[in-house]
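S.K.: task: produce atomic coordinates for the following.
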Amino acid sequence: MKTFLRALRDRNTEPARRRWLYVSYDQLSDAIGPLSREAPETLGLVLVESPQKASRRPYHKQKLGFVLANQRHFALEQAARGVAIRYAVSEGGYADALAPIAAELGPLRVMEPAERELRTELAPLVRDGRLEVLPHEGWLSTRADFLDAVGLDPPWRMDAFYRQVRRRSGLLMDAQGEPEGGQFSFDAENRRPWPGTPAAPTPPHFPPDTITEEVGALIEARFAAHPGTLDLSAIPASAADAERLWAWALEACLPHFGPFEDAMSTRSSGLFHTRISALLNLHRLLPRRVVTDVAHAALPLASREGFVRQILGWREFVRHVHVETDGLRHLPSPKSAAAKRANRARTAPPPVGTDFADGGARPSALDAHEPLPPAFWGTPSGLHCLDTVVADVWREGYGHHITRLMVLANLGTLLGLEPRALTDWFWVAYADAYDWVVEPNVLGMGTFATGELMTTKPYVSGAAYLARMSDYCAGCAFDPARSCPITRLYWAFLGRNAETLRRNPRVAGPVAAAQKRSEAERAEDERVLTVVRDTLARGEALTPAHLRKPAQTR
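M.R.: Now for the predicted structure:
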């Protein structure tokens, strides 16, 4: 840290007579909270770096680089404004670092942390008065918005919440209080596969400065065993870098985002997605700012609405679900078979090597308990769609929402992978993953582990959807129309979950169709499922030969 500490010392100011504020790693903005209102010369800012946090899970190297580089640059930026900086490195946790600082400087203020995990860790300091909690000003909606829209009792639905916050905020609403274009969602129009044109934009690169390079050296030295590739030039670390990425997103991505937001391709891991989610979740870019910019930009309405729905709608919605259920640990009264099974949730063991009380909720409405196969850690699976997306993730720490939902979570659900294990994988693999967003996304939507709590159905598909919405199948040994095992996995999934899902109107048709399949077809579905599970569990790549019936192998 020598370069960083030297630069901080050169910029830092007299710390006397300051009101001190602790800013967590995901609130790196001076446009919210006391930093946005109080004079810099009256403020002191505490920032904490915790190697223990970085070691708690095998986080992707790119995520570690993203957080540390941004926090160090933020410290220097605030020092340059005249804010006094106390930068602590703690071999323990955040509470271990903050307790002696609060004893020295007096009670610290803090905006409520977004992550439940950090709130839990800091709770003892809050109880004894060493931390004063202020409202988190980065959110776009309130609990009242959530309850007014969907009520206290589930099922909770994002579309009702989204309409509520659109009306209250006025975003994309006309002078008569009606949605622009006459409808709240253009989702049905935004489902086109990408044919290769217009060309997918190339993300900008950010030449690393000495501060970022020092972060890279730390990660490669101390966290060398963590998975993933560290690409410092792909990290927008400074405030200026964040602005540059956002300008690129507005100009290069969003004009074509809407129609192709569900498309997937081997030629671009992001297509026209903005790649700003990691910056949003650190508050280097503010959600309020980006939705306002897009709402008023000269862009096609379907693209503007699709982007606003993801931020103002889904992102805010999952945060409320996470808070209302205490991280999905306490699911409200069940009403359906799937919800009743989900409500038997207990918490997982804590991450290895930590002293945390639990490792998160582990609902499993579909009674899925298979272990994660090595394919998720980069061992070839033989399924080109899965191997492409996994390689993208370990190379970049990134993937857009459809590759997460309809490749990774879809295959995880079809294979019956344990939802908690898949959630933890997402948590370590993606640079933008934090408990409040990753747990609802994977446990709630991706795997249907919480039943109909926040989604209407399992988001699963066979090979036809993947062939229609991507170019993955062209490079695969399996033919999506004839030999791809994913379609068999889909039918096997519907067969084994028929009792749980048959009353769900969104999937009642496919479940009924699965029940009408011949006994021989259903037996073949189960055989292929077993072969795929066993082959992937051994760390082998699937081939058409694996799936041939025994009589065909003579």
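
S.K.: name the helix or strand of the protein that has the lowest mean pLDDT.
M.R.: Lowest by mean pLDDT, DSSP states H and E among the helices and strands of the chain is helix 337-342, with a mean of 58.

S.K.: could you point out which element follows that one?
M.R.: On the C-terminal side of helix 337-342, the closest following helix or strand by DSSP states H and E is helix 384-396.

S.K.: I'd like the next helix or strand past that following helix.
M.R.: That would be, after helix 384-396 and using DSSP H and E, helix 401-403.

S.K.: name the element residue 168 belongs to?
M.R.: If you go by DSSP H and E, residue 168 is part of helix 158-169.

S.K.: what mean pLDDT does that helix have?
M.R.: Computed over helix 158-169, the mean pLDDT rounds to 97.

S.K.: pull the residues that contact that helix.
M.R.: The set of residues external to helix 158-169 that reach it, using CB atoms under 8 Å, 6 or more residues apart in numbering, is 140-141, 145-146, 148-150, 172-173, 177, 179, 184-185, 308-309, 312-314, 316-317, 320, 454. Just so you know, the C-beta spots here come from the backbone N, C-alpha and C atoms, and that holds for glycine as well.

S.K.: ditto for stretch 490-507
M.R.: Contact partners of stretch 490-507, identified using CB under 8 Å, 6+ apart, comprise 336-338, 341, 365-366, 413-414, 416, 452, 456-458, 460-463, 508, 510-515, 517, 521-522, 525-526, 528-529.

S.K.: among those residues, which ones are buried?
M.R.: Taking 16 or more other CB atoms under 10 Å as the criterion, what is buried in those is 336-338, 341, 365-366, 413-414, 416, 452, 457-458, 460-463, 510-511, 514, 522, 525, 528-529.

S.K.: give me the pLDDT for the nearest residue to residue 156 once chain neighbours are set aside.
M.R.: For residue 156, ignoring the flanking residues on the chain, the nearest one in space by CB to CB, 6 or more residues apart in numbering is residue 150 at 4.4 Å. pLDDT recorded at residue 150 is 96.

S.K.: can you get me a residue count around residue 150?
M.R.: The tally of other residues near residue 150 (other CB atoms under 10 Å) stands at 22.

S.K.: distance check, it against residue 549.
M.R.: According to CB to CB, to the nearest Å, residue 150 and residue 549 sit 49 Å apart.

S.K.: which residues of the chain fall in strands?
M.R.: 19-22, 43-49, 84-89, 108-111, 131-134 (DSSP state E).

S.K.: looking at those, spot the one closest to residue 277.
M.R.: Proximity to residue 277 (CB to CB) singles out strand 108-111 among the strands of the chain, at 20.1 Å.

S.K.: spit out the contact partners of the closest residue to residue 79 other than its chain neighbours.
M.R.: Nearest non-adjacent residue to residue 79, counting by CB to CB, 6+ apart: residue 11, 3.8 Å away. For residue 11, the contact set (CB under 8 Å, 6+ apart) comprises 76, 79-80, 85.

S.K.: and which of those is nearest residue 256?
M.R.: For the contacts of residue 11, the nearest to residue 256 is residue 76 (36.1 Å; CB to CB).

S.K.: right, and the closest one touches residue 10 too?
M.R.: No - Residue 76 is beyond contact range of residue 10, at 9.3 Å (criterion: CB atoms under 8 Å).

S.K.: right, and the strands of the chain - which one's nearest residue 480?
M.R.: strand 43-49 (47.3 Å).

S.K.: averaged pLDDT, that closest one. What do you get?
M.R.: 98.

S.K.: so that strand versus strand 84-89, what angle?
M.R.: 10 degrees (axes from the mean of the first three to the mean of the last three CA atoms, to 10 degrees).

S.K.: hmm, who's touching strand 43-49?
M.R.: For strand 43-49, the surrounding residues in contact (CB under 8 Å, 6+ apart) are 15, 18-23, 25, 34-35, 68, 71, 74-75, 78, 83-90, 94, 97-98, 101, 105, 108.

S.K.: may I see the ChimeraX selection of the buried members of the residues you listed?
M.R.: Filtering these down to the buried ones (16+ other CB under 10 Å) takes a single ChimeraX command:
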select :18,20,21,22,23,25,34,35,68,71,74,75,78,83,84,85,86,87,88,90,94,97,98,101,105,108
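
S.K.: for residue 36, what are its contacts?
M.R.: Taking CB under 8 Å, 6+ apart as the test, what residue 36 contacts is 29-30, 137.

S.K.: residue 387 - how many residues pack around it?
M.R.: Neighbours around residue 387, by other CB under 10 Å: 20.

S.K.: what residues of stretch 110-124 count as buried?
M.R.: In stretch 110-124, counting by 16+ other CB under 10 Å, buried: 110-122.

S.K.: how far away is residue 74 from residue 26?
M.R.: From residue 74 over to residue 26 (counting by CB to CB), the distance is 11 Å.

S.K.: per-domain residue ranges of this structure.
M.R.: Here the domain parsing of the chain from automatic domain parsing is 2-134, 143-229+237-324, 337-553.

S.K.: pLDDT value on the residue nearest to residue 79, please?
M.R.: On the pLDDT scale, residue 11 is placed at 96.

S.K.: could you do residue 296 as well?
M.R.: 97.

S.K.: same question for residue 334.
M.R.: 56.

S.K.: among the strands of the chain, which is nearest residue 263?
M.R.: Nearest to residue 263, of those and by CB to CB, is strand 108-111 at 37.3 Å.

S.K.: wait, which of the strands of the chain is closest to residue 249?
M.R.: strand 108-111 (25.9 Å).

S.K.: show me the contacts for the residue nearest to residue 156.
M.R.: 156-157, 160-161.

S.K.: pull out the buried members of these.
M.R.: Buried among the contacts of residue 150 by 16+ other CB under 10 Å: 156, 161.

S.K.: buried residues of stretch 166-177, list them for me.
M.R.: For stretch 166-177, by 16+ other CB under 10 Å, it's 166-169, 171-173.

S.K.: same thing with stretch 227-236?
M.R.: 227-228, 230-232, 234-236.

S.K.: do me a favour and get the end-to-end distance for that stretch?
M.R.: Distance between the two ends of stretch 227-236: 21 Å, counting by CA to CA, to the nearest Å.

S.K.: repeat that for stretch 494-509.
M.R.: 10 Å.

S.K.: what's the mean pLDDT across it?
M.R.: Stretch 494-509 comes out at a mean pLDDT of 95.

S.K.: give me the buried positions along that stretch.
M.R.: Buried residues in stretch 494-509, counted by 16+ other CB under 10 Å: 494-497, 500-501, 504, 507.

S.K.: closest one of the residues you listed to residue 198?
M.R.: Closest to residue 198, out of all of the buried residues of stretch 494-509 and judged by CB to CB, is residue 507, at 35.2 Å.

S.K.: need the distance between the two termini of stretch 401-409.
M.R.: 10 Å.

S.K.: which residues does it contact?
M.R.: Residues outside stretch 401-409 that contact it (CB under 8 Å, 6+ apart) are 261-264, 269, 273, 310, 376, 385-386, 389-390, 392, 399, 422, 426, 430, 441-442, 445-447, 459, 461, 465-466, 469, 472.

S.K.: restricted to buried residues, select these in PyMOL.
M.R.: In PyMOL, a selection of the buried entries from the contacts of stretch 401-409 looks like this (16+ other CB under 10 Å):
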select buried, resi 261+262+263+264+269+273+310+376+385+386+389+390+392+399+422+426+430+441+442+445+446+447+459+461+465+466+469+472
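
S.K.: inside helices: which ones of the contacts of stretch 401-409?
M.R.: Applying DSSP state H to the contacts of stretch 401-409, the entries found in helices are 385-386, 389-390, 392, 422, 426, 465-466, 469.

S.K.: which one of those is nearest residue 126?
M.R.: Nearest member of the ones in helices among the contacts of stretch 401-409 to residue 126, counting by CB to CB, is residue 426, at 28.9 Å.

S.K.: where's that closest one relative to residue 360, distance?
M.R.: From residue 426 to residue 360 the distance is 12 Å (CB to CB).

S.K.: kindly report the same for residue 256.
M.R.: Counting by CB to CB, the gap from residue 256 to residue 360 is 37 Å.
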